[in-house]
Every structure is written in structure tokens, then in C-alpha cells.
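*Asks:* give me a model of this one.
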Amino acid sequence: MLMKDMAGEAVLIAAGGRSILLQIADPAIGHGVAHHSDFASRPLDRLRGTLTYVYAVVFGSPEEIAQARRRVNAAHGPVSGPATAQSPAYNAFTPELQLWVAATLYDSALTMRELVYGPLADATADALYQEYGVLGTALQMPPELWPRDRAAFAAYWDRRLSELQTDAATRAVARQLMHPRTGPLWLRLMMPVGRFVTIGLLPASVRPLFGLPWSAGEQRRFDRLVRLIAAVYPRLPRRLRHWPKNHYLRAMRQSRELAVV
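*Replies:* Purely as a prediction, here's the structure:
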């Protein structure tokens, strides 16, 4: 399974902020997050939940995948609301919204992976793409909703990027994500670099939606940082590169054992 070779790499977490911003730039997802999540007091919750879900689906047993699905479904249960003058209708169980979330996870992971390791061979990229659909189909997304191949995905991706928009509520969520006032000290110390990487990874058309400027000089600094990561990260021991995956899987399994007891 090619996805197992890629999804456990810690460097992909660097693209987590990119994924979240792309997700909340869909107005339905953005307002669902704005009304039902609390980045201000729990800035890491969405990232932790997403990582646990991805690692469970990719590396877990059938029972662990079912457990992850139940947890996500329980979290999604309250996330619905009617259309108002300020907000579109939203429901976390909507398959098309789950498709967009899965698409952002795939594209962000692939973007980060190729920056560090270089482009995949076409046959490998095709096979990997097909496997990534499981991030949606493990929930309520029917398999036929995942674009049939990479060309179809590229067309879908370009269309969805052109449809993204933000408003005061979703931009406020982005500010809470990018400028956390709470959370562990290490998070707040790392956020200047985290913001820089997140903005650098975003598609150019999305940055203005969140009022995120990006200059030619910043692009040059970003390119230098990427070259440094690409030179150092692949040489790290596998146990370090896969530590977050192992940590989250271990925590998930321990919580399950406690629940059983």
C-alpha cells in the first residue's frame, strides 16, 4: 500500500495548516468550524483529530478504523445549521464537503512530499491517488464521488479553488489558527515558522482570501527553507520521521483499552 509509505512521514504535518485553511475557505465548512469549534482555547484540537483519523484509517486494523469512524461521526453529529443571511447551510455529514476535506488532505500531503522528495513517477502517483480516496470513503463519501483519476482531480481542484471565499467569521477562525493565544509554549514559539510555511504552501489564489500577503522576497526565503528541509529530513532515522504517527496510534490504542476497561 503506497499510502502507508507516505502518510506516516512527519514532514507532511507541516502542510496541516494549509489543509485547514483550504477547508475553511469553503463557506459551509468554514461556518461549521466557526460555530462548532474553538481554535481560540484549543488551537491543536482539529489537527490532532485529523491526524488520529488519518493514521487510524491508513495504519489501523478494521476495528480501529471503525472506532475512528465512530469518533468522527460523534464529533460531526452536532455540526449542522440552516442557511442564514450570514451563513450557508452546512452539515458535516454532507458527502461533497467530506470530498473537499479529503481532497485538501491529499493535495497538501502530495505537495509537501514532492517538495521534500521530488515528483513521483506517473504510475506511482496514479496508484497513490486512488488509495487516498479512503479518507473520504471511510466516512459518508461514496466511492464514485472521488474523481476517477488524477486528471479528473486536477479539474475538480481548479474548479473548487475558483469557488472558495471567506468572510469575517471564517477569517476570524483563520486568525485564531495562525495566531494562537493559548496552547503549549512550544506551539506559540514555533508559530512564526508555522505561519510562514503555511502561507508559502497555499495556492497563490487563496492567500488574498485570508488577507495573507506574500512577496517575491518571502518566496525566495521559502524556497531556501524547503531546500534545507529536503537536504536534512530524508536523512533522519525512520523512527524520528514516523514518531508522530506512532505516538498518535499508541494514544488511540491506549484510549480504546481504557474505554473497554
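*Asks:* going forward, measure contacts and count neighbours with C-alpha atoms only.
*Replies:* Fine.
*Asks:* tell me how far the helix ranked longest in the chain lies from the chain's centre.
*Replies:* Counting residues, the longest helix found in the chain (DSSP state H) is helix 95-117. A distance of 7 Å separates the centroid of the chain from that of helix 95-117, by Cα atoms, centre = their mean, to the nearest Å.
*Asks:* please enumerate the helices of this structure.
*Replies:* Under DSSP H, the chain gives helices at 2-7, 16-24, 27-36, 45-59, 62-76, 95-117, 122-132, 134-137, 150-163, 168-178, 185-201, 216-232, 238-241, 243-260.
*Asks:* follow-up on the earlier one: next, the buried residues of the longest helix of the chain.
*Replies:* Neighbour-count burial for helix 95-117, with 16 or more other Cα atoms under 10 Å as criterion, is recorded at 95-113, 116.
*Asks:* ok, now stretch 155-166?
*Replies:* So, applying 16+ other Cα under 10 Å, buried residues of stretch 155-166: Trp157, Leu164, Gln165, Thr166.
*Asks:* rank the helices and strands of the protein by mean pLDDT and give me the bottom one.
*Replies:* Least confident helix or strand of the chain, by mean pLDDT, DSSP states H and E, is helix 243-260 with a mean of 79.
*Asks:* then that one to CSV, C-alphas only?
*Replies:* What follows is helix 243-260 as a C-alpha-only set of coordinates in CSV (Å, rounded to 0.1, in the frame of the first residue of the first chain):
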residue,chain,number,x,y,z
TRP,A,243,7.4,9.3,15.6
PRO,A,244,4.1,11.4,15.4
LYS,A,245,2.3,8.6,13.6
ASN,A,246,3.5,6.0,16.2
HIS,A,247,2.6,8.4,19.0
TYR,A,248,-1.0,9.1,17.8
LEU,A,249,-1.6,5.4,17.1
ARG,A,250,-0.3,4.5,20.6
ALA,A,251,-2.6,7.1,22.2
MET,A,252,-5.6,5.9,20.2
ARG,A,253,-5.0,2.3,21.2
GLN,A,254,-4.5,3.2,24.9
SER,A,255,-7.7,5.2,24.9
ARG,A,256,-9.5,2.3,23.5
GLU,A,257,-8.2,0.0,26.1
LEU,A,258,-9.2,2.4,28.9
ALA,A,259,-12.7,2.6,27.3
VAL,A,260,-13.0,-1.1,27.3
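*Asks:* against which helices or strands is it packed?
*Replies:* With contacts taken as 3 or more Cα pairs under 8 Å, 6 or more residues apart in numbering; DSSP states H and E, helix 243-260 sits against helix 45-59.
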